[in-house]
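S.K.: got a predicted model here, sequence first, then my questions.
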2 protein chains.
Amino acid sequence: MSTKNKILDAAEDLFAVKGFNGTSLREITSQAEVNLAAVNYHFGSKKELIKAVMSRYMNELSPRLEVALQKIVDDERQPTLIEVFSAFVDPLLWLNEFKHNGTSNFLQLLGRGYTDSQGFLRWFLTTQYPKVISNFVEAIRKAYPELTPEDIFWRLHFTMGTIVFTMSSNDALIDIAQNDFNKTIDISGVIEQVIPYIAAGVAAPITPAFSASS
Amino acid sequence: MSTKNKILDAAEDLFAVKGFNGTSLREITSQAEVNLAAVNYHFGSKKELIKAVMSRYMNELSPRLEVALQKIVDDERQPTLIEVFSAFVDPLLWLNEFKHNGTSNFLQLLGRGYTDSQGFLRWFLTTQYPKVISNFVEAIRKAYPELTPEDIFWRLHFTMGTIVFTMSSNDALIDIAQNDFNKTIDISGVIEQVIPYIAAGVAAPITPAFSASS
DNA sequence: GCTCAGTTTAAACAGATGTTTAAATTAACG
DNA sequence: CGTTAATTTAAACATCTGTTTAAACTGAGC
């Protein structure tokens, strides 16, 4: 295993649990069993390391997502919203083959990217991988043509929040489910629960136009 | 204005934007125009300051929320889910009277509490203000009796994620709405958009039982 | 005016942070 | 083998972190 990959693996696990700000380079290099200076040698800076961790996942995920969503868009049949959201399941779960805890790690990192570091990661993702977003919007539009672009924008954002927040507190959730309901949950159990919720949310009756303020 | 309140005001604004980990005591005391040591003198530690910032809001919010939810629970009529969620609107918006940007700040801080600092704030809130949560669950149960406690637990968590995430990226959202749709949004516009979404999500058809894993 | 608790202040503390340096080691290639 | 480039290493860098110290100041109450 190359030094570069050892760093990426360790950084990913730590970032997912403790956030970007909350993880030091010394923790990363110590867990990766490489020298401290290796991060700056191979990646240039901590910020670039963060981007590299995210890119590694996005490069695996985004082509698979594009294919799955394209299939829905190209099909002449009108999809249900459940089908649109279910298109995410296989590509996301596939990340577990790519790396141990891959699905959970990636979704947690996505959430971190929105709240940590003043959103520079959000900028990075939306500018680097716009195709995924536009395909997704198109699929939604096809499943629910009455939605205006504004409605889609808002509801996708709400959906993003649901997913990302759920996964960010994934560990806590699993604990609570275990203690309060004596149920053992894994990641696909969570996904099974969340899809009806977000599908119903996106399918909600159309709201009146934006309430414009002065 | 007392030193204590100057610190609380500055800390709140900075915490909301940059997170707890991302804000230093020197930034806070500098913006508050007080001496660095004042934080440790008045609050003991940074951790206690974080709790104090949250408590100040919760002490304003929680009695108002309890009243609004109790009214729904005590009413003999069965409420709609829209009514249950709408019970949050006035208490939340009232925080804007309490302090400039109060509503947005509070919701952002709530989100930070879930993701920053490994959830010690989540523990703090759920143990200190359990009445709000139990009232809320009871109101939901009344509006939608078919939901099992597990379903309610999950859907409330998803709802929490939607709200918190939306408010965390509130500033970015307002920008996007302005640039892409030429619409001016304020916080109550966002609330108006989100309530149908979360109400529909919670009202989604009941899912099969938890998929228990070994 | 004196006393004394409450508060503010500047300075220092020890430890952690990301990054850089220069020497040592390893690998690649003719 | 010899040379050159790529990589690893230990050490130091300057800066920032939360916290503590001890002295200075403030304002009542006697």
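M.R.: Yep, it's here. Numbers count the residues shown, from 1 in each chain, chains lettered A, B, ... in the order given.

S.K.: going forward, measure contacts and count neighbours with C-alpha atoms only.
M.R.: Will do.

S.K.: do the top helix by length along chain A and chain B meet?
M.R.: Criterion DSSP state H: the longest helix present in chain A is helix A:46-74. No - Helix A:46-74 stays clear of chain B (Cα under 8 Å from any Cα of the partner chain), getting no nearer than 14.8 Å.

S.K.: now the element after that helix, going C-ward?
M.R.: Next helix or strand after helix A:46-74 toward the C-terminus (DSSP states H and E): helix A:81-86.

S.K.: thinking again about what came up before, what packs against the longest helix of chain A?
M.R.: Judged by 3 or more Cα pairs under 8 Å, 6 or more residues apart in numbering or on different chains; DSSP states H and E, helix A:46-74 is in contact with helix A:3-18, helix A:38-43, helix A:89-98, helix A:102-115, helix A:130-143.

S.K.: give me the low-pLDDT residue ranges for chain A?
M.R.: A:117-122, A:170-172, A:207-214 (pLDDT under 70).

S.K.: mind running it again at 80?
M.R.: By pLDDT under 80, the low-scoring segments of chain A are A:114-130, A:164, A:167-189, A:206-214.

S.K.: which residues of it lie near DNA strand C?
M.R.: A:21, A:23-27, A:36-37, A:40-41, A:44-47 (Cα under 7 Å from any atom of the strand).

S.K.: show the buried residues in those.
M.R.: Buried subset of those (neighbour count, 16 or more other Cα atoms under 10 Å in any protein chain shown): A:24-25.

S.K.: and the two most separated of the residues of chain A next to DNA strand C?
M.R.: Greatest spatial distance in these: A:N21 and A:Y41, 20.2 Å, computed using Cα to Cα.

S.K.: re the thing from before, name the residues of the longest helix of chain A that are buried.
M.R.: Counting neighbours by 16+ other Cα under 10 Å, helix A:46-74 gives A:49-55, A:57-58, A:61-62, A:64-66, A:68-70, A:72-73 as buried.

S.K.: what residue is smack in the middle of chain A?
M.R.: Central residue of chain A (Cα atoms, centre = their mean): A:L107, 3.8 Å from the mean position.

S.K.: picking that back up, do the longest helix of chain A and DNA strand D meet?
M.R.: No - Helix A:46-74 stays clear of DNA strand D (Cα under 7 Å from any atom of the strand), getting no nearer than 14.4 Å.

S.K.: starting at the chain centroid, how far to that helix?
M.R.: 10 Å (Cα atoms, centre = their mean, to the nearest Å).

S.K.: again, but for stretch A:77-97
M.R.: On the basis of Cα atoms, centre = their mean, stretch A:77-97 is displaced by 13 Å from the centre of the chain it belongs to.

S.K.: kindly report the same for stretch A:30-46.
M.R.: Taking Cα atoms, centre = their mean, one finds stretch A:30-46 lying 25 Å from the centre of the chain it belongs to.

S.K.: contacts for it next, please.
M.R.: A:3-4, A:6-7, A:9-10, A:25-26, A:29, A:49 (Cα atoms under 8 Å, 6 or more residues apart in numbering or on different chains).

S.K.: would TSV of the residues you listed with distance to B:F15 be doable?
M.R.: Output for these, formatted as TSV (distance: Cα to Cα, whole Å):
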residue	distance to B:F15
A:T3	36
A:K4	34
A:K6	33
A:I7	30
A:D9	30
A:A10	28
A:L25	24
A:R26	25
A:T29	29
A:L49	25
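
S.K.: the closest residue to DNA strand D within chain A and A:K6, how far apart?
M.R.: At 4.1 Å from DNA strand D, A:N35 is the closest residue in chain A, using Cα to the nearest atom of the strand. Going from A:N35 to A:K6 by Cα to Cα, to the nearest Å gives 11 Å.

S.K.: who's more crowded, these two?
M.R.: Ranked by neighbour count (other Cα atoms under 10 Å in any protein chain shown), A:N35 and A:K6 place A:K6 first, with 16 against 13.

S.K.: what is the nearest of the residues of chain A next to DNA strand C to chain B?
M.R.: A:N21 (6.9 Å; Cα to the nearest Cα).

S.K.: could you look up the SS state of the closest one?
M.R.: Of the three states, A:N21 takes coil under DSSP: H, G, I helix; E, B strand; the rest coil.

S.K.: list the contacts of A:L156.
M.R.: A:L156 makes contacts with A:V202, as judged by Cα under 8 Å, 6+ apart.

S.K.: also the one 5 residues further on?
M.R.: Shown in contact with A:G161 (Cα under 8 Å, 6+ apart): B:161-166.

S.K.: mind checking which of these are in helices?
M.R.: Using DSSP H, the contacts of A:G161 in helices are B:161-166.

S.K.: and those residues, which are buried?
M.R.: Buried members of the ones in helices among the contacts of A:G161, counted by 16+ other Cα under 10 Å: B:161-166.

S.K.: before we move on, the earlier item: closest one of the contacts of stretch A:30-46 to chain B?
M.R.: A:L25 (15.9 Å).

S.K.: give me the phi and psi for the closest residue to that closest one other than its chain neighbours.
M.R.: Nearest residue to A:L25 in three dimensions, chain neighbours excluded: A:L36, at 6.9 Å (Cα to Cα, 6 or more residues apart in numbering or on different chains). Dihedral pair for A:L36: phi -50, psi -40, per degrees, to the nearest 10.

S.K.: equivalent analysis for A:R77, please.
M.R.: Torsion angles at A:R77 (phi, psi; degrees, to the nearest 10) stand at phi -70, psi 150.
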